[in-house]
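Novice: how would this look folded up:
(chains A and B)
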Protein chains: 2
Amino acid sequence: MYPAAKIILTVLLLIAAATVFAAGGGKHADPIAPVILGVTGILFFAVLGRFGARKLGQPSVLGELLMGVILGTIGYLFSVDFLLVLREGPAIFEMVDLALSGASIEQAAISTLGEENAVIILDILQGPGGAELTQIAHAVDVFSRYGVIFLLFLVGLGTSVREMQEVGTESFRVAILGVVLPFVFGFMMARVLMPELSISVDLFVAATLGATSIGITARVLEELGRVNCHECRVILGAAVIDDVLGLVMLAIVSGIIISGGFEPVGTLQTIALAALFLVTAFTLGPRFLRRSIRLLDHLDIVEAKMFVSFLFVMVLAWFANLVGLATIVGAFAAGVILHDGYFLKWGDVREHKFSIRDLISPLEVILVPIFFVLMGIQVKLETFLDPHVIVMGFGLIVAAVIGKLLSGLGASRGSSRLAIGMGMVPRGEVGLIFASIGKSLGVFSDALFSALILMVIVTTLMTPPLLKISLNRIPDRREDRSTAP
Amino acid sequence: MYPAAKIILTVLLLIAAATVFAAGGGKHADPIAPVILGVTGILFFAVLGRFGARKLGQPSVLGELLMGVILGTIGYLFSVDFLLVLREGPAIFEMVDLALSGASIEQAAISTLGEENAVIILDILQGPGGAELTQIAHAVDVFSRYGVIFLLFLVGLGTSVREMQEVGTESFRVAILGVVLPFVFGFMMARVLMPELSISVDLFVAATLGATSIGITARVLEELGRVNCHECRVILGAAVIDDVLGLVMLAIVSGIIISGGFEPVGTLQTIALAALFLVTAFTLGPRFLRRSIRLLDHLDIVEAKMFVSFLFVMVLAWFANLVGLATIVGAFAAGVILHDGYFLKWGDVREHKFSIRDLISPLEVILVPIFFVLMGIQVKLETFLDPHVIVMGFGLIVAAVIGKLLSGLGASRGSSRLAIGMGMVPRGEVGLIFASIGKSLGVFSDALFSALILMVIVTTLMTPPLLKISLNRIPDRREDRSTAP
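Specialist: Okay, here's the model as predicted:
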């Protein structure tokens, strides 16, 4: 285009924009428009965060999380309505629920948001655009929760039962220690630093510390080109086992919370139900899949794979929730059970143009960053103005790091135990999900939630450089030790 | 598995289920669980509807729509809370908005739902689970609206400016008549049968009648294996043009509604703004895309294509809404502008594993059926108990069918004008989208909306068999007439 045309067009555009705003435009004829603005805005910042993280050689989850923390803090400091509403998270929807069921809106706000916040948030929600903000916040919340479900489904899809069986005893020992030690340290730390909390909350904190992120460790190892070193394989094997152990732990502690505290009978019932659910899913799931896919005529393969995957994940997620497990446990189980081999009706699997992973990934690519940014936004840095919270956060980080580092002791004498322990440190997305569930259940206060997210950020941030250093100290001669007979 | 084990497992499962329900289980620990149930349930029925339609050789949109009508009617007859809430559509959210801003919930309900409905709906929403139903309804609504945006984006992606320029004058004449005649007939019919409505509502009804569904016609022609006959190419060319003409019409009539009635100045301003938006999008859009893609380092191609596509569609959709156009106009424009050629940085386009269409389709496959079923649910068959509504519905159908049939007169003398007119009849998804926008804007009453959806169903239902008959009467010798010099 010629420069003159460009200038004219720009001027016209500016005039037009001014006219629209002056004419009281910006009103939203289509009720989806404000939701689009909010969701797209958050995704935009997520992409910025991811971009920055990659540029600095950091995991993308870190960039998205920190971008969220920055947004949330800016929102707090400069009173940005939209961000203030998002920071409150699920409490806002509880408030609307209460108000709908007949309570006065003021009462509802105070009982869900606390007196101080209630005034600020009510002021926003009752002002112009307040209702739109609630709708945007709800949509962002729903999208991010669907994102987590797809994320865990994809993790499950990458995990096969056979693979878990083939993991060596060395990985297994590391995995067990890597869950037990941070759990024990976390529990003790929580007891000492937060004696005011109930035991079930302490258990939930401890469980959050037990998580390991296979995604982040795997990516660091890949970038170093060291996926095949002995230590690397031990770490990856242990992380796979820890995914499962973490979810089992989550099942137990959230069962305890939901059944209303630590009661032996209720807890046993929860565990029994959870076990029954998993056994049922793994025995009846494949039969059910085969039968329903046999019935699916007249659909092309993309439709068939999408519909079956989506319905299967969602049904298992919902049933998991019904029996007192987290929805993500169901989603993970669905991923482990489902594979492209069920769709043989549409021809040889190797000739399918799209795998299930190919088809679900686009959903995950859009939705998961929204979850990470939202978690960052909900970190309330101002809670750290209280010295007690700083001590608590520091204590949790220490327990989290030392617990995982010591898990390296589970490795054989010849391996670099430090490198293995280091590889287990990052909590990444799994720790985040635990924290978000704790917040949804009303177990974690703002301060505790913020401290836990900080723990996730610190452990994720410190791993790549330290893992590089400790792996580089291992001589290359070991590279193929364990492939030798 | 052995039969004995199967029986034992089933018994255990039933006992477990009973225990859970008895223990007051079924409470939702994870706030996303009820949303999952609602959305997945709707998708399940959508798949059933699609399956049934394919089995009967009908377009899938028809199966999904009819499934929705059946669900809605069952919901009405048997007072199924969830379906009753979904039937009210956007009115529910307006009610919550009003209640949030300080009005009493009863006042809010009466002013948005009407006195009769208000009692029923309030009873549901204030009962146990009422708040959850609002959240589910909102999520379903948001998903279906995103679905429409992706649908129009994909339609745009399949339409190139060059293709439109290459359409022959014969198609062009058919397209113009195919928009103008149903518009005129529809407007007259609305004036005569519904003299109580304002002129701007009549214009919106008329515009809805002017839509053509390229998707349905294309699929019927494909199934007949007659994509290359002369008449078929005229129909497809005309349908492409009509997609654009329809959106322009929608822009104008919705502009009239939003600016508060038929005022010459306001309407001209709307049209000018719309034109400016489109010109800007088509001139600056490609530059903007090229520049931002040049900045995108450190992302893999799937991330890059997903992020760029999603952000670009949503930004254009939002801006379209800002200047008084429908969001789908922006989404369509984004589709026409965007193509895989922008992503050359990641290598030769032909070697990309996934095209933009491949990546966005999974979103569309899940979300669009939700939209169709929801539209079906919102059809209130009981409005047809009023003879006036039956006459109105019948009149609109007659105007819609005759208007499109006569568009065949735009074809050359040698062509089968009846077959061409027949191919233009189905309204399919485009007509649906128009009706849903009219409902969102508060222009269409329940009765009018139901009548219009019925028009969409009838025109879509009658096309495949009648088009087959009229095409089969054309001798095959003409198959390649227009490829001859």
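Novice: Every contact and neighbour count from this point should use C-alpha atoms.
Specialist: Noted.
Novice: count of residues packed around A:Phe354?
Specialist: By other CA atoms under 10 Å in any protein chain shown, 17 other residues sit near A:Phe354.
Novice: So it: helix, strand or coil?
Specialist: coil (DSSP: H, G, I helix; E, B strand; the rest coil).
Novice: ok, which residues in the stretch 201-350 of chain A are in contact with chain B?
Specialist: A:258, A:273, A:276, A:280, A:296-299, A:302-303, A:306-307, A:311, A:314-315, A:317-318, A:321-324, A:326-327 (CA under 8 Å from any CA of the partner chain).
Novice: Are any of the residues you listed buried, and if so which?
Specialist: For these, a burial check counting by 16 or more other CA atoms under 10 Å in any protein chain shown picks out A:258, A:273, A:276, A:299, A:302-303, A:306-307, A:311, A:314-315, A:317-318, A:321-324, A:326-327.
Novice: May I have the predicted confidence score for A:Gly266?
Specialist: pLDDT for A:Gly266: 70.
Novice: ditto for A:Gly260
Specialist: Reading off the model, A:Gly260 has pLDDT 68.
Novice: One more: A:Arg219?
Specialist: 73.
Novice: Kindly tell me how buried it is, as a neighbour count.
Specialist: 15.
Novice: now it, nearest residue through space, not along the chain?
Specialist: A:Pro59 (7.7 Å; CA to CA, 6 or more residues apart in numbering or on different chains).
Novice: okay, now the one you found: neighbour count?
Specialist: A:Pro59 sits with 23 neighbouring residues when counted by other CA under 10 Å.
Novice: ok now do it, which residues does it touch?
Specialist: A:50, A:53, A:216, A:219, A:460 (CA atoms under 8 Å, 6 or more residues apart in numbering or on different chains).
Novice: for those, which one is nearest A:Val368?
Specialist: Of all the contacts of A:Pro59, A:Arg50 has the smallest distance to A:Val368: 11.7 Å, by CA to CA.
Novice: so how far is whichever strand or helix holds the closest one off the chain centroid?
Specialist: If you go by DSSP states H and E, A:Arg50 is part of helix A:32-55. Put simply, helix A:32-55 sits 17 Å off its chain's centre (CA atoms, centre = their mean, to the nearest Å).
Novice: so after that helix, what's the next helix or strand?
Specialist: Past helix A:32-55, further along toward the C-terminus, the next helix or strand under DSSP H and E is helix A:60-77.
Novice: Would you mind listing where the stretch 151-300 of chain A has pLDDT under the threshold?
Specialist: Within the stretch 151-300 of chain A, the segments meeting pLDDT under 70 span A:163-164, A:227, A:259-263.
Novice: Point me to the residue of it nearest chain B.
Specialist: A:His298 (5.9 Å; CA to the nearest CA).
Novice: Summarise which helices and strands the helix ranked longest in chain A is packed against.
Specialist: Assignment by DSSP state H gives helix A:264-295 as the longest helix of chain A. If you count contacts as 3 or more CA pairs under 8 Å, 6 or more residues apart in numbering or on different chains; DSSP states H and E, helix A:264-295 packs onto helix A:230-258, helix A:301-322, helix A:327-337, helix B:3-22.
Novice: Could you identify which of those helices is most buried?
Specialist: Among the helices and strands packed on helix A:264-295, helix A:327-337 has the highest mean neighbour count (mean count of other CA atoms under 10 Å in any protein chain shown), at a mean of 27.
Novice: contacts for that one?
Specialist: A:148-150, A:152-161, A:247, A:251, A:278, A:281-282, A:285-286, A:312-314, A:316-321, B:30, B:33.
Novice: For A:Leu71, see how far away A:Ala103 is.
Specialist: A:Ala103 is 33 Å from A:Leu71, where distance means CA to CA, to the nearest Å.
Novice: More neighbours: which of these two?
Specialist: It is A:Leu71, of A:Ala103 and A:Leu71, that has more neighbours when counted by other CA under 10 Å, with 24 against 14.
Novice: and A:Phe44, how many neighbours?
Specialist: A:Phe44, neighbours per other CA under 10 Å, totals 18.
Novice: Pretty sure it sits against B:Phe310.
Specialist: No: using CA atoms under 8 Å, A:Phe44 is not in contact with B:Phe310; the gap is 9.8 Å.
Novice: which stretches of the stretch 51-200 of chain A form strands?
Specialist: Listed in chain order, the stretch 51-200 of chain A contains no strands at all (DSSP state E, counting those that start in this stretch).
Novice: all helices in it, in order from the N-terminus.
Specialist: Assigned by DSSP state H, counting those that start in this stretch, the stretch 51-200 of chain A shows helices spanning A:60-77, A:81-88, A:90-100, A:105-113, A:115-126, A:130-157, A:161-166, A:169-193, A:199-210.
Novice: ok, the residue sitting nearest the centre point of chain A - contacts?
Specialist: Residue closest to the mean C-alpha point of chain A, counted by CA atoms, centre = their mean, is A:Ile433 at 3.6 Å. Under the criterion of CA under 8 Å, 6+ apart, the neighbours of A:Ile433 are A:Val148.
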